[in-house]
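Engineer: What follows is a protein structure lacking sequence information:
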């Protein structure tokens, strides 16, 4: 996001709407005597577009220029209105468990592990995303990256989790690493994340996905409890009414 | 994309907060899904959501239901937010009898969602996603009462500074709590912000801050 210095009157009305918080500075206009405008820190801004959508600027000084690669990935991952063409899903991730009843992405014995950096409201540089991705791939647990995810798309080496060098200095409101591994490797995956959490310069949320058994058991619950890892009472639950249904247990054969 | 997963709060705070998504599956039922998604949306709308939207179009607080419905295309993901478990049971009964043909996902307290599914005769949850919380430099996060508000927008479009500004505005008599809640709902394009819970949380956090402490 940028500010037209000839229009801006430095009223500060846009300041509170910025999810990254306090990334603006005041500048004295060089050509118009006595005029002050605001300048947005382009390194800290994630081009999420919230200040523009809030429609709060009384002089329409805010504008979002068309960005070139690699800067354009900030908007792709941060602005909820922009669709990543690789996944064809609006937003920064994939369908993950939302369509599991139809697609069978996470089968019994598998666990989805997602790591969303920068969330909530802190933001993350891709050098941190790379750190976490490489920690997961380096754990040698057979972590299979989700192909259609934007972060996977930005990797130069999908076997190590290495990201393209030209994106490492870019920042997003949130960037999510998505993949899955076998249920028995979940403790190793979480231990790798615990270690990586000490080195990362931002925050990240962790999510795990499981197919619930026909008897209503949640296979990953025991693993989390044994490891003493906190999990929320609030979950995302696929109720299994999508059509056509995926045959998880081969019962239709 | 897990934007309705990481809502923060304890059982009491979250037990009447549900986000119900309708999502077609890429490569399976996405082509030709627009009428199915519209059907889901119409069924959900009848059950009285507090918020509803599609992230590309907006939500019912910054556009109209007719606009959202008319702009649904193949692949659109829609979300409806509810503030009452009875409405969820009604919705699930309707969906059981008249399946729209796309996947339906409920974000909410697991036990409550499971009870609602049993009451609607839908059996057990099919697949489930847990939030394991926030890791790393958690000292960078805002105070927990503010975090409860900002995490209701999973895309983090409700800025913590905006919540603080709203507190200042209310304390100075510049706007009402309801105005503040509506504005936060407008920032959350997808319609995940639960206005009923949002108002409750906002009223709870008002006495925690003095105007001076928020600068």
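Structural biologist: Thanks, I have the structure now. This is a predicted model, so every value here is computed, not measured.

Engineer: Let me see the ranges of the helices in the stretch 1-150 of chain A.
Structural biologist: A:50-53, A:72-78, A:100-103, A:126-138, A:150-153 (DSSP state H, counting those that start in this stretch).

Engineer: Turn these into a markdown table, including mean neighbour count.
Structural biologist: C-beta: built from backbone N, CA, C; applies to glycine. Converted to a markdown table, those look like this (neighbours: other C-beta atoms under 10 Å in any protein chain shown):
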| stretch | mean neighbour count |
| --- | --- |
| helix A:50-53 | 22 |
| helix A:72-78 | 23 |
| helix A:100-103 | 25 |
| helix A:126-138 | 22 |
| helix A:150-153 | 22 |
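
Engineer: quick one: low-confidence ranges for the stretch 1-150 of chain A?
Structural biologist: The stretch 1-150 of chain A contains residues with pLDDT under 70 at A:85-92.

Engineer: Go again with 90.
Structural biologist: A:80-95, A:119-121, A:148 (pLDDT under 90).

Engineer: could you pull out the strands for it?
Structural biologist: A:2-3, A:24-28, A:36-40, A:62-63, A:83-84, A:89-90, A:110-117, A:124-125, A:144-145 (DSSP state E, counting those that start in this stretch).

Engineer: check contacts around the residue nearest in space to the middle of chain B.
Structural biologist: Centroid-nearest residue in chain B, with C-alpha atoms, centre = their mean: residue B:192, separated by 2.5 Å. For residue B:192, the contacting residues are B:3, B:4, B:19, B:51, B:53, B:79, B:81, B:152, B:153, B:154, by C-beta atoms under 8 Å, 6 or more residues apart in numbering or on different chains.

Engineer: before we move on, what about residue A:122?
Structural biologist: A:202, A:203, B:137, B:140, B:141.

Engineer: Show the backbone phi and psi for it.
Structural biologist: Dihedral pair for residue A:122: phi -110, psi -40, per degrees, to the nearest 10.

Engineer: and the gap between it and residue B:25?
Structural biologist: 32 Å (C-beta to C-beta, to the nearest Å).

Engineer: Please apply the same query to residue A:196.
Structural biologist: 32 Å.

Engineer: now do residue B:18
Structural biologist: Applying C-beta to C-beta to residue B:18 and residue B:25 gives a distance of 22 Å.

Engineer: out of these two, which sits in the more crowded spot?
Structural biologist: Each of residue B:18 and residue B:25 has its neighbours counted (other C-beta atoms under 10 Å in any protein chain shown); residue B:18 has more, 28 against 24.

Engineer: Give me the pLDDT value at that one.
Structural biologist: Residue B:18 carries a pLDDT score of 98 in this model.

Engineer: who are the neighbours in contact with the residue in the stretch 101-250 of chain A that chain B sits nearest to?
Structural biologist: As assessed by C-beta to the nearest C-beta, chain B sits closest to residue A:240 within the stretch 101-250 of chain A, at 3.0 Å. By C-beta under 8 Å, 6+ apart, the contact set of residue A:240 is A:101, B:122, B:123, B:125, B:126, B:127.

Engineer: out of the residues you listed, who's nearest residue B:71?
Structural biologist: residue A:101 (25.8 Å; C-beta to C-beta).
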